[in-house]
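Q: Okay, here's the prediction I keep looking at, along with the sequence it came from:
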Amino acid sequence: MEDIQKDVHSFILNEFLPGEDPSELTESTPLITGGILDSITTLKLVVYLEERFDIVVEAHEAGVEHLDSIKQIAELISEKKHAA
């Protein structure tokens, strides 16, 4: 799960927070409720997750309950990988 978190961390920094201090983005930083992700950037993140990890993120999973932190995202990906 640590590798998943590293991948997602790098993607979020590169795509949505260019130039920010990487240490400021932790596994529990609120992404949606903290204003880092809006509806468009959340969709971009979902597309990345589906392509990178070969999973399908259902519409009901593309919200605060599953995508508000790197930790939540990694847990969702792990669950989907184990279910496949």
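A: Perfect, thanks for sending it.
Q: and residue 29, how many residues sit next to it?
A: By the criterion of other CB atoms under 10 Å, residue 29 has 16 neighbours. In short, each C-beta sits where N, CA and C put it, glycine included.
Q: Leaving out chain neighbours, which residue sits closest to it?
A: In this structure, residue 29 finds its nearest non-sequential neighbour in residue 69, 6.3 Å apart by CB to CB, 6 or more residues apart in numbering.
Q: Show me what whichever strand or helix holds residue 49 is packed up against.
A: Assessed by DSSP states H and E, residue 49 sits inside helix 39-53. Packing partners of helix 39-53 (3 or more CB pairs under 8 Å, 6 or more residues apart in numbering; DSSP states H and E): helix 2-16, helix 64-67, helix 70-83.
Q: want to throw those helices into CSV with distance to residue 45?
A: Supplementary listing: these in CSV, determined by distance: least, CB to CB, whole Å:
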stretch, distance to residue 45
helix 2-16, 7
helix 64-67, 7
helix 70-83, 8
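Q: do you know how far the spatially most central residue of the chain is from residue 11?
A: Centroid check for the chain by CA atoms, centre = their mean gives residue 73 as the closest residue, at 4.6 Å. Distance check for residue 73 against residue 11: by CB to CB, to the nearest Å, it reads 10 Å.
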